[in-house]
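In: could you work out the structure for the sequence below:
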Amino acid sequence: MLRPIMPRLSQVLVAALALALPPAAYAADARTFKGEYTVSFLGLSVAKASFSSQYVGDDYTIDGTVSAAGIAKLFDDTHGTISSKGTISGKRMHPNAFRADYTSGKKASMIDIRFSNDAVTSTKVVPAPEKRDPKEWVPLGASDLVAVLDPMAATVVHADSPDKVCGRTVKIYDGEMRANLTLTYQSKGTISVPGYKGDTVTCRLAFEPVSGYRKGRKALEFLKNRSRILVTFAPVGKTGVYAPIRASVGTQIGPLTISARRFEANS
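Out: Just a heads-up that it's a prediction; the model follows:
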C-alpha cells in the first residue's frame, strides 16, 4: 500500500497550490488566463489541476479544480475546488477572500480566509482544529496576519524583466500556518508547452515557517533545512506578471513535481 509512505494526498494538493496555480494577470492587459497542471510524486502522476481567471477593471477572480489522478486515486480519492478574489493596485495583489473546498473519501474539508487592507480578518476551517497545547505549537500572533497573501495571490510576481523575478520574500498564510517564501536566482532557460514557448527564469525557494505550526514537525524541518525547492517562472503575455510553469519540491521520501500541461494568456 502507498498510504504508509505517501503524505496524504489532500495535504499534498493544498501545499502544491501555493506553488502551482498561477494568479490573475495584470488587468490592464490580459483578461483571461487558463492553465492545466499535473502533480507527480516519485515519478508517478498523483494529481491534476486546472483553473481559469477573469478580471473586471482592477478586480480579479480565480477559480480552479484539483483532483487525485493516476495510481494515487486508488488510495486517496481527493478532489476539490479553490477560489481567490481581490484587487490589483500598482504592482501588488490585495486579496479579499480565499476558499478551498475538498473531499478526501467521505471526509469534507474547507478553508475560508477573509482579508481587509491586506490583513486577515477571519479564518474558518472545517473540520475545526483540535485544541492545541501551547507548549507544542508556535502560536499565530496578530502581527503575523498583516501584509500577507493567500496561497494563490502569493504566486504573483510583478517584475520589469526576468532578472528581477527572484530576489524577494513573500509572506503567505494558508489558513493555519504563516510562512515566508524567499526566492533567490538559480538559472535561466526555455520551455515549450501548449499555449507558451519561450524564456523562463528559475528561482530557488527557501521555506521558513513563522507561526501556526507544531514544534518539531519533521516534515517542516526537512522543508526548511534540507529540501531543494525550485520554481520556474514564465511571463504571462506582455503584462509584466510572471507565474510558475514548473516546480519541484524535495520531500523526505522523494521529489514532488508540478508541471504545466497548458499555460495560456489571452487578451
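In: so how far is stretch 150-162 off the chain centroid?
Out: Once both centres are worked out by CA atoms, centre = their mean, to the nearest Å, stretch 150-162 turns out to sit 11 Å from its chain's centre.
In: residues contacting the spatially closest residue to residue 180 that is not a sequence neighbour?
Out: Excluding its sequence neighbours, the residue lying closest to residue 180 (CB to CB, 6 or more residues apart in numbering) is residue 208, at 4.5 Å. To be clear about C-beta, it is placed using only N, CA and C from the backbone, and glycine gets the same treatment. The contact partners of residue 208, taken as CB atoms under 8 Å, 6 or more residues apart in numbering, are 179, 180, 181, 182, 224.
In: beyond the host helix or strand of residue 208, next helix or strand please.
Out: If you go by DSSP states H and E, residue 208 is part of strand 196-211. Helices and strands here follow DSSP H and E; after strand 196-211, the next one along the chain is strand 213-214.
In: what is that following strand packed up against?
Out: Counting by 3 or more CB pairs under 8 Å, 6 or more residues apart in numbering; DSSP states H and E, the packing neighbours recorded for strand 213-214 are strand 137-138.
In: show me what the strand it packs on is packed against.
Out: Of the remaining helices and strands, those touching strand 137-138 by 3+ CB pairs under 8 Å, 6+ apart are strand 196-211, strand 213-214.
In: sheet partners, orientation included, of the first one?
Out: As defined by DSSP bridges, the strand partners of strand 196-211 come to strand 178-193 (antiparallel), strand 229-235 (antiparallel).
In: same thing with the last one?
Out: Its sheet considered, strand 213-214 pairs with strand 137-138 (antiparallel) by DSSP bridges.
In: could you name the helices and strands sitting against the helix or strand that the strand it pairs with is followed by?
Out: Using DSSP H and E, the next helix or strand after strand 137-138 towards the C-terminus is strand 157-158. Taking 3+ CB pairs under 8 Å, 6+ apart as the contact definition, the neighbouring helices and strands of strand 157-158 are strand 241-251.
In: which parts of the strand it packs on are buried?
Out: Of the residues in strand 241-251, 241, 242, 243, 244, 245, 246, 247, 248, 249, 251 count as buried by neighbour count, 16 or more other CB atoms under 10 Å.
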